[in-house]
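S.K.: Using only what follows, build the 3D model:
(2 chains)
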There are 2 protein chains.
Amino acid sequence: MGANDRFLGFESLGEATPFVDRILENIDYSRVFDGFERGEIRALARYLHCYRVPAGAELIAEGEPGDFMLLLIDGGMEITRQDGSGLPVHIGNATPGKTLGEMSVIDGEPRFASCVTVAESIVAVLKREQLLRLATDRPQLGFKLLMQMGVLLNQRLRQISIEYIKCVNAARAAAR
Amino acid sequence: MGANDRFLGFESLGEATPFVDRILENIDYSRVFDGFERGEIRALARYLHCYRVPAGAELIAEGEPGDFMLLLIDGGMEITRQDGSGLPVHIGNATPGKTLGEMSVIDGEPRFASCVTVAESIVAVLKREQLLRLATDRPQLGFKLLMQMGVLLNQRLRQISIEYIKCVNAARAAAR
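M.R.: Here you go, the predicted structure:
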C-alpha cells in the first residue's frame, strides 16, 4: 500500500521540521542519518511528513509493494515476518532513531517484513517521490543519504551472510 | 589494499571510454548499470580506469579494506570466501557485465570475499574518490548509480535472508 493510503486516517503532523531536535537526540541510533549535521537534517526534514499513530497499527505489511520508508521519532515498533504456515515470527524491534522500509523505497519490491506500532508513535515518512525530488533539489544531500542507506544495507548483508554461513556449516556438521 | 597499489604492475588501458560499446553489450547482465543509456555510460566511463589483468590475479582480497569496485568488461573471475579453517570456498563466478566490490566502495569496510581472475580479463575500476567526484560533478548520475547499487544490495539481501530462514527452519525440523 502506498504512503498516501497507508497513513490516511492517522493524525497528520506536517513536515518534520519541528522534530529536528528530537531526530538529532536519537541520531546515534540511526545508521541512515548518522553523520548528518543539524543543517542537513533541517533540509531533509522538509521532505519528510510526520504522523501520530496509535499502538497496534500495521504501517508496513509484508508482501505489499511499498513506496516509502519511515523514521521512528517516538514510540516503538515490532518487526515480524511470516513463517511457512503464515504465522508472524518476531524479527526485531525498532526504537526511536531507527529507520524502516529502506529496501522498498529504493527498489519498489514487495515488503520483506511487517512493522506494527507497539505504542503510540510519531513517524516521519519519506516517500520515494520525495527522495527523487530531494535528488533533484539537493543532489549532494540525496547522494549522502543514499550512501548511508547503502552502509545500512551492507551491514545487514554482512551480518546475515555470516549467520547463513554458520547455519550451513552447522547443518553440514550435524549431517556427518 | 587500495586501488592504486592493487593495480600497480598491470597494463593500464586508461579511462573506460573506448569500452562503452562493450559495456553496453553486457549491460543486461549488470544490475548496477541496468537501465543506463549510452550517454550515461559514456559519462560514467570517464570516472572508470581500465586494466588488462592476467589469469590468476587476486584483485579483491577478503578481509582487506577496499576503496574501489570493479566492472568486469572481458574475461572471468571466481569469488571465494574462507571457511572456518581458512580454506577458500567457491561462492560464485563473475562474467562480463558483472560488478564486484560494491559493498566496500560504499562503506570502506573489509572485503567480504576474494575475487581472482580465471582468464585474462579487462576490468574497469571505480575508486571511491571517483564515485564522490562523480557525485560532485554529475550529482543526478551519481544518485542514479547509487540507487542501482542499492537495488543490487537489496536483491542480495532478500535472497540470502530467504536462504537463511530456510536453513534455520530445516535445522529446527531436523532437531525435532
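S.K.: if you skip the residues just before and after it, what's nearest to the residue of chain A found nearest chain B?
M.R.: Chain B sits closest to A:P139 of chain A, with a gap of 2.9 Å, by CB to the nearest CB. Every C-beta, even on glycine, is put in place using the N, C-alpha and C of the backbone. Excluding the flanking residues, the one nearest A:P139 by CB to CB, 6 or more residues apart in numbering or on different chains is B:P139, at 2.9 Å.
S.K.: Enumerate every residue touching the one you found.
M.R.: Residues near B:P139 by CB atoms under 8 Å, 6 or more residues apart in numbering or on different chains: A:135, A:139-140, A:142-143.
S.K.: How about A:M77?
M.R.: Contacts of A:M77 (CB under 8 Å, 6+ apart): A:59, A:93-94, A:98, A:100, A:115-118, A:121.
S.K.: and it, what are its phi and psi?
M.R.: Backbone torsions of A:M77, given as degrees, to the nearest 10, read phi -140, psi 150.
S.K.: which parts of chain A sit against chain B?
M.R.: A:81, A:83-84, A:103, A:106-107, A:109, A:112, A:135-136, A:139-140, A:142-143, A:146-147, A:149-151, A:153-158, A:160-161, A:163-165, A:167-171, A:174 (CB under 8 Å from any CB of the partner chain).
S.K.: Mind checking which of the residues you listed land in strands?
M.R.: A:R81 (DSSP state E).
S.K.: Please pick the buried ones from the residues of chain A next to chain B.
M.R.: A:81, A:103, A:106-107, A:112, A:135, A:139, A:142-143, A:146-147, A:149-151, A:153-154, A:156-157, A:160-161, A:164-165, A:167-168 (16 or more other CB atoms under 10 Å in any protein chain shown).
S.K.: Tell me where chain A has helices.
M.R.: Under the criterion DSSP state H, chain A contains helices at A:3-6, A:20-25, A:38-45, A:102-107, A:128-137, A:139-175.
S.K.: Put the alpha carbons of the third one into CSV.
M.R.: This points to helix A:38-45. C-alpha atoms of helix A:38-45 as CSV (Å, rounded to 0.1, in the frame of the first residue of the first chain):
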residue,chain,number,x,y,z
ARG,A,38,21.8,19.8,12.0
GLY,A,39,21.6,21.9,8.8
GLU,A,40,21.3,18.7,6.8
ILE,A,41,18.6,17.2,9.0
ARG,A,42,16.8,20.5,8.8
ALA,A,43,17.0,20.4,5.0
LEU,A,44,15.9,16.7,4.9
ALA,A,45,13.0,17.4,7.3
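S.K.: Other residues contacting it?
M.R.: Contacts of helix A:38-45 (CB under 8 Å, 6+ apart): A:15-17, A:19-20, A:23-24, A:27, A:33, A:36, A:124, A:134, A:138, A:141, A:144-145.
S.K.: tell me which of those is nearest to B:E64?
M.R.: A:K144 (25.6 Å; CB to CB).
S.K.: List the contacts of that closest one.
M.R.: So A:K144 contacts A:36, A:40 (CB under 8 Å, 6+ apart).
S.K.: what's the pLDDT at A:M1?
M.R.: Per-residue pLDDT puts A:M1 at 68.
S.K.: Give me the spatial nearest neighbour of the most centrally placed residue in chain A, chain neighbours excluded.
M.R.: Most central in chain A under CA atoms, centre = their mean is A:L100, positioned 1.4 Å from the mean C-alpha point. If the residues on either side of it in the chain are set aside, A:L100 comes closest to A:L70, at 4.6 Å by CB to CB, 6+ apart.
S.K.: so A:G142 sits right up against A:L131, yeah?
M.R.: Yes. Under the criterion of CB atoms under 8 Å, A:G142 makes contact with A:L131 at 7.1 Å.
S.K.: Where does the prediction get shaky in chain A?
M.R.: Low-confidence segments of chain A, defined by pLDDT under 70: A:1.
S.K.: that older thread, what's near enough to touch the residue nearest to the centre of chain A?
M.R.: A:59-60, A:69-70, A:72, A:77, A:79, A:94, A:115.
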